Structure formats: C-alpha cells, structure tokens
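1. With the sequence up front, the predicted model follows.
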Amino acid sequence: MNNKMTNYRWTVVSLLFFATTINYLDRQVLSLLYPLLQEKFSWTNSQYADIAAAFQFTYAVCLLFAGRVIDKLGTKNGYSLAIIVWSIGAVIHAYANPIGDFILTTFGWLGLAAVPASVLGFIFARAFLALGEAGNFPAAIKVTAEYFPKKERSFATGIFNSGANVGAVLAPLSVPWIAKEWGWELAFIIIGAIGFIWLFFWFIYYAPPKNQKRLSKEELDYIQHADQEEEISSATPNEKVKWTKLFGYKQTWAFSFGKFMTDGVWWFFLFWLPKFLKDKYQMTGTDTMLPLVVLYSMVMIGSVAGGWFPAYFIKKGYSAYDGRLKAMFIIALFPLVVLLAQPFGDISFWVPILLIGVGASAHQAWSANIFTTVSDMFPNKAIASVVGIGGMAGGIGGVMTSKVGGALFDHFEAKGNVESGYTIMFTFCALAYVIAWVVMKMLVPKYKKIDDL
C-alpha cells in the first residue's frame, strides 16, 4: 500500500453504481412488457398487481434478512451472492409459463387451479428476482460506510443510487426494441445475463479497505479518521446486534416509517407508468421510449443533486443528521406538483411526464438522504440490519400501493372511468413525503448518535 493520496473510493462507488443500474434494469423489464403480456395472457390489472406484489412482498421479507446476511458474509461475498441469485431470477421470467404449468401440475391440490399458469409462473419468477435484489441496497450502503467518511456518504449514496435511474433510462431504450425484434422471452434473458458480467469486475476490483492494495495509506487514514469515527472494516465478522434491540430505538422506527410511506410511490411509478401511458394516451411498446427516457433522465439529476444538497446545511454548522432533515423537508415539497398531472394531462402527454418526473426526481433525492440517516445515527455493525428493517417496511408499503392501485384500476375500468383511479393514486404519491417527514421529525427531532449497541 503506497503513501500517495489516492481516490480509489470513487472507483468503488462506480461498481455500486453499475450494480444498481443492473438491479433496476432487471426489475423494470416486466412493467415495460406488461401491455404486451396483458394482451398475450389476458391478465386483469389485479392479476398484474398480484405479480408486482409478489416481488415487493418477497423483497420486503428478504430485506429484513438481507442485512443480517451481508453483515455475516461481508460485503464482497454477500454482494456476489445477491447478484448471482437476482440474475438467475431475471432470466427465468422467460420460462414463466412452463414454470406455472409445473406448479399447477405439482401443487394443484392446494387450490391453485383457478390461477392462470402464466400468473403463477411470473409470481415465482418475481419472487426469485426479489430474493437476490434485496441484497443490493444493504450491501451498497455498507460498502459506502466502509469507504467514505460521513461528510461524503450522502453524495456517494446519491451517485450509486442514480444507477437506479440510469437503469430506468436504459430499460425503455432496450427492452421494447429487443422484444419487438427477438421476442419478449429474449428481453428477459439478455437483460438478466448482464449481472454476470458485473460479477467479473467485482471480484477483480473490490476488497474491504484494509485489504485493498489499490488504496493508499493516506486515503485509508482519511476514510477512517476524517470524522474521528471508529475504524471500519469488513475484513473480520461484525459483532451481532439483536433485532429486538434495534426495534427499541425511535431512530429505527423513523427510518422504517419514512421508507413505508415513500417506497410505494417509486414502485408505483416504476410498475404502472407504461400502463398509464397506454390507458390515457394509447401508447405502447417503442412509443413509450422517449417519454420514459426523458422522465428517468430527470430522475437521475435528482438523485445526485439530492445527495449533494445536505452539504449546504452541514457547511452552515448543522450536524449531518439535522442538515439532512432540513434538506429532506425541502425535497418533500416537490412531489406536490404530481397533483397537477391529471387535471392538466389532457393538454399533452408531456405534462404528466414532466410533472411525474419532478416527483420521481424528488423521490430519488429523498432516497439518497433517508438511507444515509442510518449511517449518521447507527454504528457500522448495525447499518445493514437497520437498512434491512426499513427496506422491509418500504416493501410492505409497496405491496399495499400495488394492490390498491390494481383494485382501483379494475374498479374504475369497469365503470369506464379509469382516470379516476390514477387521480387517487397520484394524490397519494404527491402527499406521501410530507407525511413521512413530519412523522420522522416527531420521532427523532434532533440528532442523537446511538452508542450503546
């Protein structure tokens, strides 16, 4: 290890960025193909909501355990296992119908005969995908805590979290075209296989800071002591922290409630926007490419800017947490513009696209900061576990949002007024962040570092 100052920690962030990009590429394929698959398999909105909810529920439950697994295995092995599992899960979507037939043949006695084979197969594939994808954010947040001092963490989180938006941009540019040229099955297979390419680079370029030969001694000292924090290393197993103890802290509940209220908004945009464009503007397939690319390009800016924003308040003397909460309050106001998406949507499809783009951008700015509140308040040994608990709460919120959305759309479609369903859902999306911020502030009004774990 040399003594000259390096900046290798930013190379590590690039690995997290590409992993998160792949993560969102894989999960978005289904929503982009939903209009095609709905026509092919005759799904109702509620059946699609069941498929989407299978991902979200499995993701929520697995997030609760993913943090513990990452803490136990360490970031290198834990992240590797996660991307292997989710890449396999992404690929097997292509075989969902025969998988569903197998489930019906083998487990039909459980009363599954009323469920179409395609729905069962996609539910299985989504659950398998979620099993692996649940490891992405607990691992990435833990790597960020290993490689960055506090003052740089929200910016680093904003950078890797913007991979979600890049994935969301790349998906509409690639998935509809692949499906049109080679079929929907190959869209799942080709996109799913990309994760194995990332794995090759992860094994070459990542190691815990103390074992990283590309990291200078000066940079390692900067990482470990810039905030006079405890030394951070995943080279040895972390001391276990009991979940029951974590649930005893208001900080855990504040993070979890914030995720519960707002994660469902992002899931709704991710899973239902192609359906919205079809219902309101009769846009399908490659027609949706440009508006979705524009929307998620806006979101990418929000993620990085949101990660940077708290630094303004921190430089004014606020603690990391208090500065972050001030930034999050301002961020929470931006989604209110989504209330205008339906009333002014008749002007042009660009009106809701741009307004929802502002709201989705605010979500990613919010996300970059709410994740970092965990590393502000908890010691490193508990970070992945707390992120997992909050992620489970967010997943449950996502399940509820999808199920309610699917039921509303079926209800209002039957009445010939599907737009009323979107009005209700957009209203929730607009107000969720302000509600989340108020409750978080009530639970943890001032910064308090947890030292007794």
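-> Noted; the coordinates are in hand.
2. Touching, residue 431 and residue 336? I think so.
-> Yes - counting by Cβ atoms under 8 Å, residue 431 does reach residue 336; the two are 7.5 Å apart. No exception for glycine: its C-beta is placed from N, CA and C like everyone else's.
3. the helices in the stretch 101-250 of the chain, which residues?
-> In the stretch 101-250 of the chain, the segments counted as helices under DSSP state H, counting those that start in this stretch are 117-133, 136-147, 150-161, 163-182, 184-205, 217-225, 243-246, 250-281.
4. Any idea which of those gets closest to residue 304?
-> helix 150-161 (4.9 Å; Cβ to Cβ).
5. Buried residues of the closest one, list them for me.
-> Buried residues in helix 150-161, counted by 16 or more other Cβ atoms under 10 Å: 150, 152, 153, 154, 155, 156, 157, 158, 159, 160, 161.
6. same check, this time on stretch 33-53
-> In stretch 33-53, counting by 16+ other Cβ under 10 Å, buried: 33-38, 41, 43, 45-53.
7. low-scoring pLDDT stretches of the stretch 351-453 of the chain, where are they?
-> The model of the stretch 351-453 of the chain has pLDDT under 70 over residues 451-453.
8. go with 80
-> Residue ranges of the stretch 351-453 of the chain with pLDDT under 80: 368, 371-372, 375-376, 380-381, 384-385, 388, 446-453.
9. Same question for the stretch 201-350 of the chain.
-> 212, 215-216, 219-244, 285, 300-312, 314, 317-321.
10. And the stretch 51-200 of the chain, by the same measure?
-> 63-64, 67-68, 108-114, 150-151, 154, 158, 161-162, 164-165, 168.
11. can you pull the contacts of the residue sitting nearest the centre point of the chain?
-> Centroid-nearest residue in the chain: residue 164, 6.9 Å away (criterion: Cα atoms, centre = their mean). Neighbour list for residue 164: 20, 21, 23, 24, 299, 303, 364 [criterion: Cβ atoms under 8 Å, 6 or more residues apart in numbering].
12. Secondary structure element holding the second one?
-> Residue 21 is located in helix 8-41, with elements delineated by DSSP states H and E.
13. packing partners for the helix or strand following that helix?
-> Going down the chain from helix 8-41, the next helix or strand is helix 45-73, by DSSP H and E. Judged by 3 or more Cβ pairs under 8 Å, 6 or more residues apart in numbering; DSSP states H and E, helix 45-73 is in contact with helix 8-41, helix 75-91, helix 117-133, helix 136-147, helix 250-281, helix 380-414.
14. now those in a markdown table, with distance to residue 195?
-> Converted to a markdown table, the helices and strands packed on helix 45-73 look like this (distance: least, Cβ to Cβ, whole Å):
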| stretch | distance to residue 195 |
| --- | --- |
| helix 8-41 | 5 |
| helix 75-91 | 3 |
| helix 117-133 | 9 |
| helix 136-147 | 10 |
| helix 250-281 | 18 |
| helix 380-414 | 20 |
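15. Among those, which comes closest to residue 351?
-> helix 250-281 (10.8 Å).
16. what's the closest one packed up against?
-> Packed next to helix 250-281, using 3+ Cβ pairs under 8 Å, 6+ apart, are helix 8-41, helix 45-73, helix 289-308, helix 350-377, helix 380-414, helix 419-443.
17. Make a markdown table out of those helices and add distance to residue 324.
-> Output for these, formatted as a markdown table (distance: least, Cβ to Cβ, whole Å):
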| stretch | distance to residue 324 |
| --- | --- |
| helix 8-41 | 19 |
| helix 45-73 | 21 |
| helix 289-308 | 10 |
| helix 350-377 | 5 |
| helix 380-414 | 15 |
| helix 419-443 | 10 |
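18. Residue 317 is nearest to which of the ones you listed?
-> Closest among the helices and strands packed on helix 250-281, using Cβ to Cβ: helix 350-377, at 15.7 Å.
19. can you state the direction angle for that closest one and helix 150-161?
-> Angle of helix 350-377 versus helix 150-161, following axes from the mean of the first three to the mean of the last three Cα atoms, to 10 degrees, is 140 degrees.
20. If you count neighbours, what's buried in helix 350-377?
-> 351-377.
21. How about stretch 295-309?
-> Under 16+ other Cβ under 10 Å, the buried positions of stretch 295-309 are 295, 296, 298, 299, 300, 302, 303, 304, 305, 306, 307, 309.
22. For the contacts of residue 164, work out which two are farthest apart.
-> 23 and 299 (14.9 Å).
23. wait, residue 372 sits on residue 151?
-> No - Residue 372 lies out of contact with residue 151 (Cβ under 8 Å); the separation is 10.7 Å.
24. any shared contact partners between those two?
-> Joint contacts of residue 372 and residue 151 (Cβ under 8 Å, 6+ apart) are residue 320.
25. nearest residue to residue 241 other than its sequence neighbours?
-> In space, and not counting its chain neighbours, residue 241 is closest to residue 382: 4.6 Å by Cβ to Cβ, 6 or more residues apart in numbering.
26. Could you count how many residues lie near that neighbour?
-> By other Cβ atoms under 10 Å, 26 other residues sit near residue 382.
27. Let me know whether it touches residue 246 as I believe.
-> Yes - the criterion here is Cβ under 8 Å, and residue 382 meets it with residue 246 at 6.5 Å.
28. Could you give me the buried positions within stretch 119-137?
-> Under the neighbour-count rule (16+ other Cβ under 10 Å), stretch 119-137 has 119-137 buried.
29. rewinding a little: now the angle between helix 250-281 and the helix holding residue 21, please.
-> For helix 8-41 against helix 250-281, the angle by the same axes, to 10 degrees is 40 degrees.
30. What is the burial count for residue 22?
-> 28.
31. ok, it - contacts?
-> 83, 87, 163, 167, 194, 195, 198.
32. residues making contact with stretch 200-208?
-> 11-12, 15, 18-19, 74-76, 79-80, 83, 143, 146, 212-214, 233-235.
33. Compute the distance from the centre of it to the centre of its chain.
-> Relative to its parent chain, stretch 200-208 has a centroid offset of 23 Å by Cα atoms, centre = their mean, to the nearest Å.
34. Which parts of that stretch count as buried, going by neighbours?
-> 202, 206, 207, 208.
35. Please apply the same query to stretch 432-451.
-> 432, 433, 436, 437, 440, 443, 444, 447.
36. just checking, residue 61 touches residue 392?
-> Yes - with contact defined as Cβ under 8 Å, residue 61 counts as touching residue 392 (6.5 Å).
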